[in-house]
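J.: no FASTA, just this:
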């Protein structure tokens, strides 16, 4: 990595001498880049952006005005420990997004994967993990310790309560409140959140085959439509449905839930 120090940094920007900016990275007017910032190549940090604390981002990331990346966690137990934010490649953080560092009592790191679009006014709280190819629409609020798995879309003005997880390929409609874990492949909505079905459109767009979709539909029917208890549904899925990565992913997700499952 080559440290960027010349014409790509606007003269009004404040970039600490120890920051390591990859080749081709631009810093716009009035942005402030802290000492422990590391970027990949060809990143675009626009005007009035603040990057502070230990922040590492990959290649070709774009950060829009008034975003604050690497701010201290909103946690009373935080005592200025050297926690961090890690961001993957080709991540877009739109206007006024905030991403807070992890806590020593949590994972120690807040992590965002590759190819994510995080829209304006979204907050990613301390110790969150956001997977790859996630879309988070305007004004979504992620509390601490939230996990958002790959290929998830979170609709605008939704919120996810601390320690909750949203499984891969889920589509959460705007204005929803997630208070328990949402297993993979599902779609739902509401302040009193209700599962409505499988995210067929989203999974088709991601290239999931019709055979896999048929198996996922069977999982949904057993777990949500047959009025079984969780343990009964899990046993029936294990015994009656053909094995495969999707069934195993669903069962593992449910087994490892610590806050309960939205049903």
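T.: In hand now; what should we look at? Nothing here was measured: the structure is a model prediction, and the numbers come from that model. Numbers count the residues shown, from 1 in each chain.
J.: The residue nearest to the spatial centre of the chain: what's it in contact with?
T.: In the chain, the residue lying closest to the centroid (Cα atoms, centre = their mean) is residue 130, at 2.3 Å. Listed by Cβ atoms under 8 Å, 6 or more residues apart in numbering, the contact set of residue 130 reads 111, 112, 113, 116, 118, 124, 136, 142, 148. (C-beta placed from N, C-alpha, C; glycine too.)
J.: Now stretch 210-225: buried residues?
T.: Across stretch 210-225, burial judged by 16 or more other Cβ atoms under 10 Å covers 212, 213, 215, 216, 219, 220, 222, 223, 224.
J.: Just the ones of these in helices?
T.: Secondary structure assignment by DSSP state H places 212, 213, 215, 216, 219, 220 of the buried residues of stretch 210-225 in helices.
J.: between these, which is nearest residue 52?
T.: Using Cβ to Cβ, residue 216 comes nearest to residue 52 of these, at 42.1 Å.
J.: Nearest residue to that closest one in space, please, no chain neighbours.
T.: residue 185 (4.9 Å; Cβ to Cβ, 6 or more residues apart in numbering).
J.: pretty sure residue 138 contacts residue 119?
T.: Yes. Assessed by Cβ atoms under 8 Å, residue 138 is found in contact with residue 119 at 4.6 Å.
J.: Pull up the overlap in contacts between these two.
T.: Joint contacts of residue 138 and residue 119 (Cβ under 8 Å, 6+ apart) are 94, 156.
J.: Low-confidence regions, the chain specifically.
T.: 1-6 (pLDDT under 70).
J.: okay, now the domains of it?
T.: According to automatic domain parsing, the chain is divided into the following domains: 14-148, 204-255.
J.: Could you look over those and pick the most buried one?
T.: Of the domains of the chain, the one with the most neighbours on average (mean count of other Cβ atoms under 10 Å) is domain 14-148, at a mean of 20.
J.: ok now it, how far from the chain's centre?
T.: Relative to its chain's centre, domain 14-148 lies at 11 Å (Cα atoms, centre = their mean, to the nearest Å).
J.: and the end-to-end length of that domain?
T.: Terminal residues of domain 14-148 are spaced 33 Å apart (Cα to Cα, to the nearest Å).
J.: Over to stretch 206-225?
T.: 26 Å.
J.: and what of stretch 166-183?
T.: One end of stretch 166-183 to the other measures 6 Å (Cα to Cα).
J.: Could you do stretch 170-180 as well?
T.: Stretch 170-180 has an end-to-end distance of 14 Å (Cα to Cα).
J.: Check stretch 183-191 too.
T.: 18 Å.
J.: Could I get the buried residue list for that stretch?
T.: 183, 184, 185, 186, 187, 188, 189.
J.: would you list the residues you listed in CSV and tack on distance to residue 232?
T.: Formatted as CSV, the buried residues of stretch 183-191 follow (distance: Cβ to Cβ, whole Å):
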residue, distance to residue 232
183, 16
184, 20
185, 20
186, 19
187, 24
188, 22
189, 26
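J.: among those, which are in strands?
T.: Among those, DSSP state E puts 186, 187, 188, 189 in strands.
J.: Would you agree residue 189 is in contact with residue 196?
T.: Yes. Assessed by Cβ under 8 Å, residue 189 is found in contact with residue 196 at 6.7 Å.
J.: for residue 53, what are its contacts?
T.: 34, 36, 70, 71, 72, 83, 84, 85, 101.
J.: Leaving out sequence neighbours, find the closest residue to residue 88.
T.: residue 114 (3.8 Å).
J.: my read: that neighbour touches residue 92, true?
T.: No. Look at residue 114 against residue 92 with Cβ under 8 Å: they stay out of range, at 11.4 Å.
J.: before we move on, back to that, save the domains of the chain as JSON lines, and put in distance to residue 171 too.
T.: Putting the domains of the chain into JSON lines (distance: least, Cβ to Cβ, whole Å) gives the following:
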{"stretch": "domain 14-148", "distance to residue 171": "9"}
{"stretch": "domain 204-255", "distance to residue 171": "11"}
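J.: check contacts around residue 137.
T.: Taking Cβ under 8 Å, 6+ apart, we find residue 137 in contact with 119, 122, 153, 154, 155, 156, 158, 174.
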